[in-house]
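Peer 1: sharing a model that was predicted from the sequence below.
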Amino acid sequence: MKEILNGVNISIIGLGGNGQLASTLLSSLGAQIRLIDGDTVEQSNLQRQPLFDEDDLGMNKAETVYNKIKNRSINKKLSFVREYVDSSNINAILGNSDLIFEATDSFLTRELINEYAVMKKIPWIMTNSYGYFGEFMLIVPDETACLNCLTGGKRMIPLNCHADQISPPVPSTVSVMGTSLLLRYFQDRIKDENFYFYSATLMELQKIKVNKVKECRVCSELIFEKLNDTKFLGRQIF
């Protein structure tokens, strides 16, 4: 199993609940992992982000996760970036990625990553957790629908994790399932074309087929508004 990801450069953006478990799982499979987050650890993070404890409060999330994983993993091919990804630095940070695992709480950042991944033809995993619900999707440029095909440019989730009081098990469930999609893609080249919605209240996983949109502004017309927006700097939730 470890040989599947040998030599694969994976960038994990967002080291909260979704990103932490994905980082731990993927680092055990031999991949070159880059941990990216400009945020710091807060008290409210502790209940659903198991790598953090009270000694980490105020510390950068990416660096803290790096230190925790480095100390417990035989894989030392780890690095970290203490920055938010935006239109000014995305190429410098993600330029040599073979795959992107997105675990941010910013829909604008998610749209930016989608544009960059389509432009550079980098497969990526979209994950999101809110309340008792989670969602995830594999996006392979030129082969599956992109995020904009799914949303039509409309923000799917009106709130973010700070407002939604995420149920602690949800990020872990979403991370495991998203990582499973990634492994199926690299091991068997299975290009899953579904959007997944998980409900912890109903204990259900809904699978919705998403087709490429011929008129999609991003993956068909190759219009990259977020990449060219010099005002998109720093962390923006909405």
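Peer 2: Cool, the structure landed.
Peer 1: what about residue 171, helix or strand, and which?
Peer 2: Assessed by DSSP states H and E, residue 171 sits inside helix 169-188.
Peer 1: can you check residue 33 too?
Peer 2: strand 32-36.
Peer 1: phi and psi next, for the most centrally placed residue in the chain.
Peer 2: Computing the C-alpha centroid of the chain and ranking residues by Cα atoms, centre = their mean puts residue 102 first, at 1.2 Å. Dihedral pair for residue 102: phi -100, psi 130, per degrees, to the nearest 10.
Peer 1: quick one, strands of this protein?
Peer 2: 9-13, 32-36, 78-81, 99-102, 124-130, 133-139, 194-199, 204-209 (DSSP state E).
Peer 1: what sits up against the fifth one?
Peer 2: Counting by Cβ atoms under 8 Å, 6 or more residues apart in numbering, strand 124-130 makes contact with 17-18, 22, 99-103, 105, 110, 113-114, 117, 134-139, 147, 156-157, 159-161, 164, 166, 170-171, 174-175, 178-179, 181-182, all of which sit outside it. Just so you know, the C-beta spots here come from the backbone N, C-alpha and C atoms, and that holds for glycine as well.
Peer 1: partner strands of that strand, parallel or antiparallel?
Peer 2: strand 99-102 (parallel), strand 133-139 (antiparallel) (DSSP bridges).
Peer 1: now those as JSON lines including mean pLDDT and distance to residue 29?
Peer 2: Shown next, in JSON lines, are those (pLDDT from 0 to 100; distance: least, Cβ to Cβ, whole Å):
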{"stretch": "strand 99-102", "mean pLDDT": "96", "distance to residue 29": "12"}
{"stretch": "strand 133-139", "mean pLDDT": "95", "distance to residue 29": "17"}
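Peer 1: tell me which of those lies nearest to residue 228.
Peer 2: Among these, the nearest to residue 228 by Cβ to Cβ is strand 99-102 (19.3 Å).
Peer 1: what about the helices in this protein?
Peer 2: 17-27, 61-72, 90-94, 107-120, 147-151, 161-164, 169-188 (DSSP state H).
Peer 1: and those, which one is worst for confidence?
Peer 2: Least confident of the helices of the chain, judged by mean pLDDT, is helix 161-164 with a mean of 48.
Peer 1: pick the most buried one from the helices of the chain.
Peer 2: helix 17-27 (a mean of 26; mean count of other Cβ atoms under 10 Å).
Peer 1: wait, isn't residue 43 in contact with residue 56?
Peer 2: No. Using Cβ atoms under 8 Å, residue 43 makes no contact with residue 56, being 10.5 Å away.
Peer 1: among the two, which residue is more densely surrounded?
Peer 2: Neighbour comparison, residue 43 and residue 56: the larger count goes to residue 56, with 21 against 10 (by other Cβ atoms under 10 Å).
Peer 1: ok, now which ones touch that one?
Peer 2: Taking Cβ under 8 Å, 6+ apart, one finds 41, 64 in contact with residue 56.
Peer 1: quick one: it and residue 41, what's the gap?
Peer 2: 5 Å (Cβ to Cβ, to the nearest Å).
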